[in-house]
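> how would this look folded up:
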Amino acid sequence: MNNIINPFEYEGANNLPDNDIIGYYIEDYNFSRFIQSTKNIFLIGERGSGKTMTLLYNSFKIQYKIANQKSKSISFDKIGIHVPCNTPLFHKKEYLLLNDDFKKSIICEHYLVLSILYAIADTLSEIPEIIESSQSQKLDFFSEIEYIWGVDLDHSSINFFESIKRYVNKEMIATQKKINTYNSDAFYENALSFSSSIMPFFTLIRKISLLQSSHFLIMIDDAHDMNKYQIQTLNSWIAYRDHSIFSFKVATAKVNRPVFITSTGGSILEGHDFITVDMERAYQNEETDFFKLAKKIIERRLENIGLKGVTAEEFFPVNESFSKDIEKYKAIAKQQAEEKYGTNATKSVQDYIYKYHRAMYFRERSAKANKPPYSGFETIVDISTGIVRNLLDPCYWMFDNALNNNKDGITQISPKIQTQIIVERSQRMWDVLRNGLDKIIDNCTIEQGKQIFQLFENLMILFSKRLVSDISEPRAIVFSISQKDTHPELYKEIIALIDLARKVQFIYTRIGNAKDKGKQEIYYVPNRLLFPSLGLDPHGQYSRVSLKVSDIWNAAVNNKQFPINEETSTSINLQKNLFDE
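Numbers count the residues shown, from 1 in each chain. Sure thing, here's the model as predicted:
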């Protein structure tokens with residue numbers, strides 16, 4: 001165990017070596033079958049929910065390596081091409097210098113096409129079987145693509161695809177020079193488009209014997225980083241009716257999710273042009289999808305450092321006194337429930353225990369007592385709020401702390417270290433809020449930063465009061481917004497604040513059933529890592545608090561506390577994801 005690495009390193013997936021992606025990724029067949037399909041797919045989820053890792057794992061470069069490692073035959077039926085959008089090329093702003101929308105659109109499509117061409121060539125250039133299969137046709141390929149594109153390629157490259165990569169790099173530089181030439185229209189005459197460049201390229205490479213029946217999965221990653229012209233262009237491609245050769249898999253965050261307007265002013269429709277797959281899973285208890293995924297993620301990473309067979313629960317044990325106290329209050333809650341409903345009302349008794357036993361624990365703690373011990377794998381899942389990156393962050397710092405105090409080896413993280421790190425990370429979030437989100441978010445004013453802090457502070461006060469109150473849903477820590485139509489202007493201000501907080505993941509959104517049958521509404525879920533530094537329970541329950549627009553506005557703007565109203569609590573059924581049916 002000497003020179004051990006931290007298994008909970010949470011570097012962005014784009015920065016991970018291929019073998020780490022293979023070693024860390026927990027394959028979900030439900031996601032893979034959609035990505036490996038011939039349909040257009042929008043993969044949505046909060047930042048850190050695993051979108052990039054999912055695309056990379058399903059890319060052909062990774063699938064090829066997995067097949068080789070397992071000594072399996074290589075399938076060329078689906079060729080996944082990963083195209084990252086969070087790159088300097090996608091962030092070029094030269095198009096803003098132009099006044100003509102048409103020319104802006106041409107420039108943006110040109111750069112988008114170059115990015116995809118490079119990604120295709122880069123993927124295929126790393127597959128020896130494809131290179132070998134294409135060598136006999138190399139001269140024909142050069143001749144045909146040079147004729148169609150009207151360019152001269154470098155024939156000295158080691159293979160055809162390396163020549164394409166060189167051409168793309170050269171064209172990027174040439175484009176930059178042409179755009180920077182004042183009042184030059186030379187660029188627009190030779191700008192590339194999907195139909196003039198990528199489609200002929202697909203037709204050409206499918207002449208390679210191994211690729212004759214291949215379907216190309218163009219994986220557009222971080223689409224929320226694209227500008228509006230790139231998005232409109234992409235939507236136009238998605239609207240293309242014939243997807244026998246290619247399809248798009250588009251990963252995007254929920255915040256700033258791209259619109260569905262095409263470059264011609266039309267729109268693409270869900271169910272008709274694409275399918276949406278939500279990456280986020282329910283995470284409320286150990287029976288939910290996210291809890292199971294989190295357990296697999298942790299145990300896979302433990303296995304990678306030689307701790308095979310060690311469960312997540314064993315590695316992150318619960319504080320013993322906390323466990324005993326929880327069991328004590330379960331017994332008390334059971335006794336109260338049986339007195340109220342009778343010993344034969346099993347479901348009512350179990351529901352009562354679920355709702356009240358943890359509330360009793362927090363309610364009856366002395367006001368002078370230290371903060372509760374926050375430990376155990378379930379607690380770590382709770383404070384992740386269902387986001388993979390949030391799951392790994394405290395684990396990383398816990399392991400780092402334990403390693404500093406134990407150089408010989410680590411077999412578990414003590415409850416003391418767990419509590420220390422969780423409270424520290426929680427306090428760090430509050431420090432960011434208190435200092436003002438205007439310091440870290442574009443287009444957030446000082447006043448809005450102050451209002452967001454006041455909103456979250458008053459939400460925590462509300463949840464704290466509910467936890468110690470004799471109400472039916474004391475552990476509700478999710479809220480919905482009521483009376484939106486009554487105060488539309490106030491609602492608009494509130495949503496602006498919430499959207500700013502969502503950008504830095506201080507709050508998330510979920511979809512659930514509304515009180516009106518058949519309708520659904522948005523629920524707002526504060527990041528549960530905010531709870532521990534205030535001594536609150538991050539576990540929550542399946543219920544939400546309905547908050548009036550006027551009360552939310554007063555909490556944010558006037559720093560007024562929320563009123564507690566028994567009628568505002570309602571049990572909820574958060575929408576199941578596509579795979580929970």
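
> Which residue, other than its chain neighbours, is closest to Arg301?
Pro7 (3.9 Å; Cβ to Cβ, 6 or more residues apart in numbering). (Each C-beta comes from the backbone N, C-alpha and C, glycine too.)

> same question, Tyr352
That would be Ala337: by Cβ to Cβ, 6+ apart, it lies 3.6 Å from Tyr352.

> Hmm, the residue nearest to Arg301 is touching Glu299, no?
No. Using Cβ atoms under 8 Å, Pro7 is not in contact with Glu299; the gap is 10.3 Å.

> Secondary structure of Phe248: a helix, I assume?
No. Looking at Phe248 with DSSP: H, G, I helix; E, B strand; the rest coil, it is strand, so not inside a helix.

> Does it touch Phe216 like I think?
No. Judged on Cβ under 8 Å, Phe248 makes no contact with Phe216 at a distance of 9.8 Å.

> Please list all residues in contact with Leu124.
Ile79, Ile130, Ile131, Phe161, Ile205 (Cβ atoms under 8 Å, 6 or more residues apart in numbering).

> Could you look up the SS state of it?
helix.

> how far away is it from Glu270?
32 Å (Cβ to Cβ, to the nearest Å).

> Ok, Ser214 next?
27 Å.

> Kindly report the same for Asp408.
55 Å.

> Same question for Thr411.
Thr411 is 48 Å from Glu270, by Cβ to Cβ.

> swap in Ala253?
17 Å.

> So between these two, which is more surrounded?
Shown here are Ala253 and Glu270; by other Cβ atoms under 10 Å, Ala253 has more neighbours (22 against 10).

> Ser193 against Tyr111, yeah?
No. Taking contacts as Cβ under 8 Å, Ser193 lies outside contact range of Tyr111: 11.6 Å.

> who's more crowded, those two?
Neighbours of Ser193 and Tyr111, each counted by other Cβ under 10 Å, are more numerous for Tyr111; the result is 25 against 15.

> For the regular element (helix or strand) spanning the more buried one, buried residues please.
If you go by DSSP states H and E, Tyr111 is part of helix 101-125. By 16 or more other Cβ atoms under 10 Å, the buried positions in helix 101-125 come out as 103-125.

> what mean pLDDT would you report for that helix?
For helix 101-125, mean pLDDT is 91.

> centre of the chain versus that helix, how much separation?
25 Å (Cα atoms, centre = their mean, to the nearest Å).

> and if you look at stretch 427-442?
Distance of stretch 427-442 from its chain centroid, counting by Cα atoms, centre = their mean, is 21 Å.

> what's it in contact with?
By Cβ under 8 Å, 6+ apart, stretch 427-442 touches 444-446, 448-450, 452-453, 456, 500-501, 503-504, 506, 527, 529-530, 533.

> tell me the average confidence for stretch 55-66?
95.

> Would you mind putting the CA coordinates of that stretch into CSV?
The C-alpha coordinates for stretch 55-66 follow below in CSV (Å, rounded to 0.1, in the frame of the first residue of the first chain):
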residue,chain,number,x,y,z
LEU,A,55,-19.9,9.4,-24.0
LEU,A,56,-16.2,8.6,-23.8
TYR,A,57,-16.8,5.1,-22.6
ASN,A,58,-19.0,4.5,-25.6
SER,A,59,-16.6,6.1,-28.0
PHE,A,60,-15.0,3.7,-30.5
LYS,A,61,-11.5,4.3,-29.2
ILE,A,62,-12.4,3.1,-25.7
GLN,A,63,-14.7,0.2,-27.0
TYR,A,64,-11.8,-0.9,-29.2
LYS,A,65,-9.4,-1.0,-26.2
ILE,A,66,-12.0,-2.9,-24.0
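
> if you average pLDDT over the helix or strand where Glu132 lies, what comes out?
Per DSSP H and E, Glu132 falls inside helix 128-134. What helix 128-134 shows for mean pLDDT is 93.

> again with stretch 347-361
Mean per-residue pLDDT for stretch 347-361: 91.

> Helices along the stretch 151-300 of the chain, start to end?
160-180, 186-189, 199-205, 228-238, 289-303 (DSSP state H, counting those that start in this stretch).

> Return the set of buried residues in stretch 295-309.
For stretch 295-309, using 16+ other Cβ under 10 Å, the buried residues are Lys295, Ile297, Ile298, Glu299, Arg301, Leu302, Ile305, Leu307.

> farthest-separated two in these?
Lys295 and Ile305 (16.7 Å; Cβ to Cβ).

> could you check the angle helix 160-180 makes with the helix holding Tyr111?
Put simply, helix 101-125 runs at 160 degrees to helix 160-180, going by axes from the mean of the first three to the mean of the last three Cα atoms, to 10 degrees.

> Does Arg166 touch Asp154 like I think?
Yes. Look at Arg166 against Asp154 with Cβ under 8 Å: they come within range, at 5.1 Å.

> any idea how far stretch 479-497 is from the chain center?
Stretch 479-497 sits 26 Å away from the centroid of its parent chain (Cα atoms, centre = their mean).

> go on, stretch 437-456?
Distance, stretch centre to chain centre, for stretch 437-456: 23 Å (Cα atoms, centre = their mean).

> again, but for stretch 14-30
Using Cα atoms, centre = their mean, the offset of stretch 14-30 from its chain centre is 15 Å.

> ditto for stretch 327-343
Using Cα atoms, centre = their mean, the offset of stretch 327-343 from its chain centre is 40 Å.

> Likewise for stretch 351-363?
For stretch 351-363 - counting by Cα atoms, centre = their mean - the centre lies 32 Å from the chain centre.

> Distance across stretch 401-413, terminal residue to terminal residue?
9 Å (Cα to Cα, to the nearest Å).

> which outside residues touch it?
For stretch 401-413, the surrounding residues in contact (Cβ under 8 Å, 6+ apart) are 1-2, 4, 6, 307, 310, 314-317, 398-399, 414, 417, 420-421.

> rerun at 10 Å
Stretch 401-413 is touched from outside by 1-7, 302, 305-307, 310, 313-317, 375, 377, 380, 394-395, 398-399, 414, 416-418, 420-421, 424, with contacts defined as Cβ atoms under 10 Å, 6 or more residues apart in numbering.

> filter the residues you listed to the buried ones?
The buried subset of these (16+ other Cβ under 10 Å) comprises 6-7, 302, 305, 307, 310, 313, 315-317, 375, 377, 380, 394-395, 398-399, 414, 417-418, 420-421.

> Show me those that map onto helices.
Among the buried ones among the contacts of stretch 401-413, DSSP state H puts 302, 313, 315, 377, 380, 394-395, 398-399, 417-418, 420-421 in helices.

> domains of the chain?
Listed domain ranges for the chain are 17-278, 282-319+373-429, 321-361, 436-581 (source: automatic domain parsing).

> Could you work out the end-to-end span of the third one for me?
When you say that, I think you mean domain 321-361. End-to-end distance for domain 321-361, by Cα to Cα: 12 Å.
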